[in-house]
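K.L.:
Build me a model:
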Amino acid sequence: MAYKIEQNLPNCSVLSLARHSAATYAAAGVDPSCFRGLQFPERDGPLTGFATRIAESCGVGGETVAGAERVLGARILAVDRKTGLSRDTVLAGRAELVVYGNVAGLQGSAPRRPAARSHRALGLRLRSLLRPDRRQQTRLNPILVRLALAALAAFLLGTWYFPTAFKGGWLDAVYFIVATMTTTGYGDLAPDRSNPVDIVAAILLMLAGIIITGLFIAFGASLLTRVHWVRMQGLRPVHRRGHIVVCGAGSIGSEVIDLLLALGKQLVVVEISLDTAIIERAREQRLDLLTGDASRDATLDLCNLDAAHGLIALTNVDTLNLEIALGARARNPTLPIVLRIAEASFAESIARHFEFETTYSAAALAAPAFVGLPRFRGSRGPVALAGAEFAVGEVGITEDGPPIAPQDAILLAVSRRGDFAIADDFAKLGPGDRALVIVPLAPYREGKDTLAAAAERWGARLNCQFAPNRRVVRGAVFGPRLLVDLTGRNPVRRVRRQQQMIDAQPLVAVPAPGLIVPERIAMRLAMEHAIGVGQSEIEEGAKP
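P.N.:
All right, here's what the predicted structure looks like:
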């Protein structure tokens, strides 16, 4: 919907809260050290993210920054909480890095988490299978129990009475009772018709057999139907390994599922009410569906959390997400868990008290992007690096070439003809490219500049095309590509409007007949926050 609105309404930017926040949830679910995710380019680009690394653990200790970027396939933005380092800086073994790159590529250098189970834990699990906890035993159907007791009582009474009636021992009595209660009736054994007690006992045995057998068949059919229904609904044990459990398939959950499937991840989706789109994906055998309440112990037990890669709780209820996370941690203490919490303060409280570090508020993730869009159309919100905050922006490069970047701006990546690549040089950007950059926010918060002015210089400069061309009649006016905006120090790169002018200071004693000499001409070559060189203005009309 957001994409269609932007297509039909000019100068309109639409931000989907679900899609914007889903990138961070998906990136953190794949790589727990990833603290911010985004799609670049927006909507159809790969999932990228900002993550932390230790130099020696990812094999770049002793490498230069440039060499480490080639090894990791990612941009190194900060080293030991310092930004703006030279590309020739050598990385220490224990150096803490902040990197940006494609999440699919970052997985190769992601830190390995400890094994989920030790030998002792495995022994406790086997012991629990041999001696199951009584609190977790399935409760038997009371009606079925009564029927079983009634059938047993009828069988025992018949076995006690009929051996004396047949005078052939207990085996003949058991044979007669089973044949009668199951309505088989071979006829080789029959009660003595001259004895009314034997006849009445046989009749009662027949009636009890018909009733009890019929009820047992009904309960058996009901049990088989329920087992089939449960299997169709997905309530069955999961046998995958290295899968990600997604609890909640709402608006944000659906976006997260799409991003994870694009990465080729194995998924187990737990949702009370599933829509047809999720069911269609499950038919492709790319994910398992469990229809149930993820906060219930029985549902979590089916998810094989001991072998899972991670769990993402994305339901619409904060307390339910917290309950799911606590239940998952009880089953696998080392399992990475990502939580969606609506209130930012509540998310911080949960992260602080329960040590769930990857707890995010969808509103907090999307709100800065909403605020930034009116100032700059390509705003993607802020990101915190090395104790400083940076604004993330996506810029399209026009035919005029790359714009002059704001001071201290860092180029992260470029999308060229649909291919994602790490980039570090603005001069190498070409027409049609889309660039992702970050700009420090400290100068704007200190009042040294304004975001509106920076966005105007960055974005509006791309269309700066007004300047005198080379068709100038004498005068010290440089070519259009040498004209400089004295305020922003950005060269005018292209001329579209054809302008003709005569010398502003003609050296003629007497004007020639028919020659029009303007009395005064003013050129706007510099102004505060200028976005280009304006057209010549004549303050007063020309005099003949």
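
K.L.:
use CA for all of it now, contacts and neighbours both
P.N.:
Will do.

K.L.:
If you rank every helix and strand of the protein by mean pLDDT, what lands last?
P.N.:
helix 119-130 (a mean of 47; mean pLDDT, DSSP states H and E).

K.L.:
Give the next helix or strand downstream of it.
P.N.:
Going down the chain from helix 119-130, the next helix or strand is helix 142-166, by DSSP states H and E.

K.L.:
what pLDDT, on average, does that following helix get?
P.N.:
Mean per-residue pLDDT for helix 142-166: 80.

K.L.:
Which positions in that helix come out as buried?
P.N.:
The neighbour-count check on helix 142-166 (16 or more other CA atoms under 10 Å) flags 147, 151, 154-155, 158-159, 162-163, 166 as buried.

K.L.:
Report the separation between the residue sitting furthest away from the middle of the chain and residue 165.
P.N.:
What lies farthest from the middle of the chain is residue 194; by CA atoms, centre = their mean that is 83.0 Å. Residue 194 sits 11 Å away from residue 165, taking CA to CA, to the nearest Å as the criterion.

K.L.:
related to what we said a few turns ago, which secondary structure element contains the residue farthest from the centre of the chain?
P.N.:
Per DSSP H and E, there is no helix or strand for residue 194.

K.L.:
got it, and residue 97?
P.N.:
Judged by DSSP H and E, residue 97 forms part of strand 96-102.

K.L.:
Give me the contacts around that strand.
P.N.:
With CA atoms under 8 Å, 6 or more residues apart in numbering as the test, strand 96-102 has contacts from 46-55, 73-81, 385, 412, 422.

K.L.:
And the buried ones among the residues you listed, selectable in PyMOL?
P.N.:
Remark: buried members of the contacts of strand 96-102, expressed as a PyMOL selection using 16+ other CA under 10 Å:
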select buried, resi 46+47+48+49+50+51+52+53+54+55+73+74+75+76+77+78+79+385+412+422
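
K.L.:
Cross the contacts of strand 96-102 against strands and list the overlap.
P.N.:
Counting by DSSP state E, the contacts of strand 96-102 place 47-54, 75-79, 385, 412, 422 in strands.

K.L.:
Return the item of the residues you listed having minimum pLDDT.
P.N.:
Out of these, that is residue 385, at 86.

K.L.:
Quickly list what that one is bridged to.
P.N.:
Counting by DSSP bridges, residue 385 forms beta bridges with residue 388.

K.L.:
Pull the contacting residues for it.
P.N.:
Per CA under 8 Å, 6+ apart, neighbours of residue 385: 77-78, 81, 98.

K.L.:
With respect to residue 25, which of these is nearest?
P.N.:
Nearest to residue 25 among the contacts of residue 385 is residue 98, at 18.4 Å by CA to CA.

K.L.:
What is the burial count for that closest one?
P.N.:
24 (other CA atoms under 10 Å).

K.L.:
any idea how far it lies from residue 335?
P.N.:
From residue 98 to residue 335 the distance is 23 Å (CA to CA).

K.L.:
what do you get for residue 395?
P.N.:
Taking CA to CA, one finds residue 395 at 38 Å from residue 335.

K.L.:
Can you spell out the domain ranges of this structure, please?
P.N.:
142-233, 243-366, 466-544 (automatic domain parsing).

K.L.:
what about the longest helix in the protein?
P.N.:
helix 196-233 (DSSP state H).

K.L.:
And the next helix or strand past that one?
P.N.:
With DSSP H and E, the next secondary element past helix 196-233 is strand 244-247.

K.L.:
Show me where the stretch 251-400 of the chain dips below the pLDDT cut-off.
P.N.:
285, 400 (pLDDT under 70).

K.L.:
Please, where are all the helices along it?
P.N.:
If DSSP state H, counting those that start in this stretch is used as the criterion, the helices of the stretch 251-400 of the chain fall at 251-262, 276-283, 297-301, 318-331, 344-353, 362-372.

K.L.:
Cool, thanks, talk later.
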